[in-house]
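[1] Give the three-dimensional model of this entry:
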Amino acid sequence: MPAIESQPIQRHGQNQYGGANHIVVRRIRAFDTVQAFPTPPFGPGPGRMAEPTTHGSTGQHVFHAISLATVLYGLWLLLSGHYTTMLMIIGGICAVFVVAIAIRMDVVDHESHPVRLGFRVFGYWRWLIWQIFWTNLDVARRILSPSLPIQPELFVVRTSQRSELGQVIYANSITLTPGTVTIEEENGELIVHALTRSSAEEIRSGKMDRKVSAIEGHE
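    Numbering: from 1, shown residues only. All right, here's what the predicted structure looks like:
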């Protein structure tokens with residue numbers, strides 16, 4: 001994230017709220033621009049503003065950038081199928097260029113490129129694909145056999161993941177599994193619609209929740 005230099009300046013006068021105008025001037029060095037943001041009198045007070053937050057240390061940002069460039073370069077080689085010297089050099093240049101743009105946009109972090117999940121995620125994918133296969137068969141059986149019961153249910157399930165990324169993986173895993181859909185997530189709770197009672201009980205059992213928590217590095 002570009003370094004931010006803040007300088008509060010108080011100017012006298014009245015604003016639409018009936019109080020003094022407080023203008024906070026923020027100079028963003030990377031873009032060399034000045035932006036002014038008026039704050040109402042019921043805010044934090046003259047000359048005070050929240051400090052910008054940073055995600056991780058410089059070393060972590062460098063690690064994320066290198067890992068992203070490596071993944072992009074590997075994807076380039078995989079999709080290209082040609083391994084001549086010229087194409088490999090062009091692929092490396094393109095990977096570095098894309099990472100440079102991503103850093104400039106400040107989108108390279110632990111959420112956008114979750115290398116911390118490591119190889120645990122591949123084991124989870126294998127388990128999830130197997131679950132999708134079996135639940136797909138179950139839903140198909142109920143569609144083709146009207147005698148089989150369908151008991152739609154809407155319920156709330158609590159998540160145990162410690163990060164937003166983990167909660168997103170859990171919510172999307174529920175939706176990817178036929179017969180269940182995540183409708184909403186709020187404050188660590190998911191609202192889930194299930195087609196049958198058995199699929200609802202499977203989610204309530206917490207097995208999928210524990211699997212997702214495991215790829216975060218904790219049970």
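[2] contacts, neighbours, all on C-alpha from now
    Fine.
[3] Do me a favour and average the pLDDT over stretch 151-159.
    For stretch 151-159, the per-residue pLDDT values average out at 93.
[4] List the buried residues in it.
    By neighbour count on 16 or more other CA atoms under 10 Å, the buried set for stretch 151-159 is 157, 159.
[5] Could you do stretch 183-190 as well?
    Buried residues in stretch 183-190 (16+ other CA under 10 Å): 185, 190.
[6] what's the first-to-last distance across that stretch?
    One end of stretch 183-190 to the other measures 7 Å (CA to CA, to the nearest Å).
[7] what's in contact with that stretch?
    156-160, 167, 171, 182, 191-193 (CA atoms under 8 Å, 6 or more residues apart in numbering).
[8] what residue ranges in this structure score low on pLDDT?
    For the chain, applying pLDDT under 70 flags the ranges 1-57, 59-60, 109-118, 217-219.
[9] for it, what spans make up the helices?
    In the chain, the helices defined using DSSP state H lie at 58-80, 85-104, 120-144, 164-176, 197-204, 207-216.
[10] Next, format those as a markdown table and append mean neighbour count and distance to Glu186.
    Listed next are those as a markdown table, based on neighbours: other CA atoms under 10 Å; distance: least, CA to CA, whole Å:
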| stretch | mean neighbour count | distance to Glu186 |
| --- | --- | --- |
| helix 58-80 | 15 | 28 |
| helix 85-104 | 15 | 29 |
| helix 120-144 | 14 | 24 |
| helix 164-176 | 18 | 10 |
| helix 197-204 | 16 | 17 |
| helix 207-216 | 19 | 16 |
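[11] The closest residue in space to Gln161 that isn't next to it in sequence: what's it in contact with?
    Among residues not flanking Gln161 along the chain, Ser213 sits closest, at 5.4 Å (CA to CA, 6 or more residues apart in numbering). Ser213 makes contacts with 160-162, 166, 219, as judged by CA under 8 Å, 6+ apart.
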